[in-house]
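Novice: The following block contains a protein sequence and its predicted model.
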Amino acid sequence: MRGWFLYSLVRQHNRIVNECALEFSARRTKTWQKSWPWIVVTFAGFGIGAIVGDLDDSSTAMLWSFGALSMGLTMLGIYMTVRIVRIHYRCPKCEKVVSTWDGVPVAPKECPHCGVSFR
Ligand SMILES: [Zn+2]
């Protein structure tokens, strides 16, 4: 009887963990689907910035406006990506944003906050 109780407890635990992993992978997919256009925008901003190069007094007005466009796109892209990650990339168990001091892990094995397994 006691063995059965322990067995059912372990099974229960596994079921919860698996549901967390499933839910997290669904949230990760959603985060990616929503954020990739903004990642493209960010890189477009960087790309334009690289083409424009350094701006100084001798730069033309057109070059300056491309520089401003580059800055705007980069900032908008980063802002929106961070916003989407903060809204959607959350642990299903503790509801905290899955990120560390190093950044946002793309395929974390577990939650950095509560330690629940995502595999
Ligand atoms: Zn967590």
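Specialist: Here it is on my side, so go on.
Novice: part of a helix, is D56?
Specialist: No - according to DSSP: H, G, I helix; E, B strand; the rest coil, D56 belongs to no helix; its state is coil.
Novice: Get me the contact residues on this protein for the ion.
Specialist: 91, 93-94, 111, 113-114 (CB under 5 Å from the ion). Using the backbone N, CA and C atoms, a C-beta is placed for each residue, glycine as well.
Novice: who wins for neighbours among those residues?
Specialist: Using other CB atoms under 10 Å as the neighbour definition, the residues of the chain next to the ion reach their maximum at C91, which records 22 neighbours.
Novice: Pick out the most distant pair among the residues of the chain next to the ion.
Specialist: Using CB to CB, those span at most 8.9 Å, a distance reached by K93 and H113.
Novice: Return the mean pLDDT over the helix or strand A68 falls within, rounded to an integer.
Specialist: Element membership for A68 (DSSP states H and E) is helix 61-88. Mean pLDDT, computed over helix 61-88, is 97.
Novice: could you dump the residues of the chain next to the ion to CSV with secondary structure and pLDDT?
Specialist: Below are the residues of the chain next to the ion laid out as CSV (DSSP: H, G, I helix; E, B strand; the rest coil; pLDDT from 0 to 100):
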residue, secondary structure, pLDDT
C91, coil, 96
K93, coil, 94
C94, coil, 96
C111, coil, 95
H113, coil, 95
C114, coil, 95
